[in-house]
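J.: here is a sequence with its predicted model. Questions after.
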Amino acid sequence: MNGWTHPAAPIQTKAQPGALARIEPDGSFEGYAALFGRVDLGRDLILPGAFSRSLAERGAPGVRMLFQHDPAEPIGTWLSLREDGVGLHVRGRLTLDVARARDVLALMRAGAIDGLSIGFRAVEGRTDPRTRVRRLSRIDLWEVSVVTFPMQPDARIAGVKHAPLAAAIRRGARRLRALPGLRPAMA
């Protein structure tokens, strides 16, 4: 999957190989936009530290949150972007005053959109001639998008925080099922 390009430098897109955490009622969510040491469907492998210079120079405010890598579809802001032992951890908030962001939040909660993908320019890397895997050691990160089809098949949202009433109903149903002798009406 190719992302948008900037006249000065091509931007490449890579999917998030991990899962997101819950989506909060205010549109906040977190997860991993990239995991280190895993080959994606585009045959790229990101090394630890690959984002460090870009994050130091640009910071979270300089990295855009887009929908489907479309620069005409900003949907929120990144509150934090950091590398850890797993990969690029992101925490952001959808801007719910924007109609597309409200649509994305509803689709995330429904499980219809559940991936993250990065838009970047490869600064340093080398391709193994035998495996054709490109090992990226330095990446200029431009954007992280909420996407339908991430480059990694297992790039999924872990869960969505539901409304308080729905959570209370689920808790009540669990308590009822735990009562001795209670059988469900239908199998």
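T.: The structure has been received and is ready for your questions.
J.: mind listing the strands for the protein?
T.: Assigned by DSSP state E, the chain shows strands spanning 12-15, 28-35, 44-46, 64-67, 70-83, 87-94, 115-127, 134-147.
J.: worst average pLDDT in these?
T.: Lowest mean pLDDT within the strands of the chain: strand 12-15, at a mean of 50.
J.: any idea how far Val90 is from Val133?
T.: With distances taken as C-beta to C-beta, to the nearest Å, Val90 is found 24 Å from Val133. C-beta here means a position set from N, CA and C on the backbone, and glycine is covered the same way.
J.: ok, now Gly87?
T.: 17 Å.
J.: more neighbours: which of these two?
T.: Comparing Gly87 with Val133 by neighbour count (other C-beta atoms under 10 Å), the higher total belongs to Gly87, at 22 against 15.
J.: can you tell me the closest non-neighbouring residue to the more buried one?
T.: Closest residue in space to Gly87, ignoring its immediate chain neighbours: Leu35 at 3.8 Å, by C-beta to C-beta, 6 or more residues apart in numbering.
J.: the one you found and Met65: what is the separation?
T.: 19 Å.
J.: and Gly111, by the same measure?
T.: From Gly111 across to Met65, the span is 20 Å (C-beta to C-beta).
J.: the two: which is more packed in?
T.: Met65 (24 against 11).
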